[in-house]
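*Asks:* The sequence isn't on hand, but the structure is:
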């Protein structure tokens, strides 16, 4: 059997039938791949796919980390927001005018933040979300 024929079969199986093919060099590696696949499937089913990267320690560091995920919010603005509102929930619930009053935020950034966190009426899990 030619190499191209085998590759074609593997591509068809993986891409068109959605059945991935894992290759290993020895039986021990096959067992490791199977175990790893099962572990990942369990994590995925439980909704616990791990996030890579920096993981802050402590409550305040975690709060600042979350706030820095908002548009145009870096470390300094996150600190100012946290100091002004006292917590993430208050920041997320604040209206545009309240956000704009915070030193260093203003209406353009407040508008970006509100556009991200406001309810849209689109159910979670729909194609638009």
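*Replies:* Received, thanks. Source: prediction; values computed, not measured.
*Asks:* tell me the strands in the chain, going along the chain?
*Replies:* Secondary structure of the chain (DSSP state E): no strands present.
*Asks:* which secondary structure elements does the lengthiest helix in it contact?
*Replies:* When every helix of the chain is counted residue by residue (DSSP state H), the longest turns out to be helix 27-45. Applying 3 or more C-beta pairs under 8 Å, 6 or more residues apart in numbering; DSSP states H and E, one finds that helix 27-45 makes contact with no other helix or strand. Yep, even glycine has a C-beta here, placed from its N, CA and C like the rest.
*Asks:* Measure how far that helix is from the centre of its chain, please.
*Replies:* On the basis of C-alpha atoms, centre = their mean, to the nearest Å, helix 27-45 is displaced by 23 Å from the centre of the chain it belongs to.
*Asks:* mean confidence for that helix?
*Replies:* Across helix 27-45, pLDDT averages out at 85.
*Asks:* Now do stretch 10-17: everything it contacts.
*Replies:* Residues from elsewhere that reach stretch 10-17, judged by C-beta atoms under 8 Å, 6 or more residues apart in numbering: 19-21.
*Asks:* of these, buried ones?
*Replies:* Buried by 16 or more other C-beta atoms under 10 Å: nothing, out of those.
*Asks:* List phi and psi for residue 54.
*Replies:* Dihedral pair for residue 54: phi -60, psi 130, per degrees, to the nearest 10.
*Asks:* what's around it, how many residues?
*Replies:* Residues lying near residue 54 (other C-beta atoms under 10 Å) number 7.
*Asks:* who's in contact with it?
*Replies:* residue 65.
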